[in-house]
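> Sequence first, predicted model second:
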Amino acid sequence: MDTYIRFSEKLINFIGYLCGCLMVLMLLNVFYDVVMRYLFDIVAIGMQELEWHLFAAMFMFGIGYTLKEDGHVRVDIFYENFSAPVKASINILGALIFTLPFCYLIITGGFDYAHEAYVMNEGSGDPGGLPHRWIIRSVIPLSSVFLLFCALHVVMVQLRALVFREGNDSKGANK
């Protein structure tokens, strides 16, 4: 169990780091787009589309990283006052009842969605837009596979916390 938790923690942190890199690339892209548009009156549709592609990838893969870091939004009127075993049980049930089925639906539907774009060789409908729309569509099922992986990481960490009576820390293996 600890080996899996350590491995998954490293992989999830690496993807989180890549999400940070995507954020920097997106900011540079937006900066370039704004400078070119307002100083030189040059509009590049491809660069504008790249903005939302980078944002989508950063956001979609960031969901799993946020789950691992326990940074997601929750209404913790009650949760905050629960004991560590109760919190761990809630986190496990939440992952198993909500996250895993949701991931399954998104993976299966997203794969068909991306495959359809690949078969059609779909590109942007705008002149000067980005080709190969299947690449960005593939982010949907891939990020859901990553979210599934992150949910399993959280379940393992919370199970370890229940079994060994550790504090409720879904962030990982640093115990």
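Looks like it arrived, so ask away.
> secondary structure element for the residue most central in space within the chain?
Centroid-nearest residue in the chain, with Cα atoms, centre = their mean: residue 61, separated by 2.2 Å. Assigned by DSSP states H and E, residue 61 falls within helix 45-68.
> The helix or strand of the chain with the lowest mean pLDDT: which residues count as buried?
Ranked by mean pLDDT, DSSP states H and E, the weakest helix or strand in the chain is helix 84-94, scoring a mean of 90. Of the residues in helix 84-94, 87-92, 94 count as buried by neighbour count, 16 or more other Cβ atoms under 10 Å. C-beta: built from backbone N, CA, C; applies to glycine.
> Name the next helix or strand following that helix along the chain.
Counting by DSSP H and E, what follows helix 84-94 is helix 100-120.
> List the buried residues for stretch 24-42?
Per 16+ other Cβ under 10 Å, stretch 24-42 contains these buried residues: 26, 29-30, 33.
> hmm, back to that, what's the residue nearest to the centre of the chain in contact with, if anything?
15, 18-19, 22, 139, 143, 146 (Cβ atoms under 8 Å, 6 or more residues apart in numbering).
> Please read off the pLDDT at residue 42 from the model.
Per-residue pLDDT puts residue 42 at 88.
> Show me which pair in the contacts of residue 61 is furthest apart.
Farthest apart among the contacts of residue 61 by Cβ to Cβ are 22 and 146. That separation is 13.5 Å.
> How far off centre is the helix holding residue 61?
For helix 45-68, the separation from the chain centroid amounts to 9 Å (computed by Cα atoms, centre = their mean, to the nearest Å).
> Likewise for stretch 77-84?
For stretch 77-84, the distance to the chain centre is 26 Å (Cα atoms, centre = their mean).
> Can you get me the start-to-end distance on that stretch?
15 Å (Cα to Cα, to the nearest Å).
> do stretch 60-77 as well
Termini of stretch 60-77 sit 27 Å apart (Cα to Cα).
> what's the average pLDDT for it?
Stretch 60-77 comes out at a mean pLDDT of 86.
> what comes up buried for that stretch?
60-70.
> pLDDT weak spots in the chain?
166-175 (pLDDT under 70).
> looking at it, which residue lies furthest from center?
Most peripheral residue of the chain (Cα atoms, centre = their mean): residue 40, 35.8 Å.
> gap between it and residue 3?
54 Å (Cβ to Cβ, to the nearest Å).
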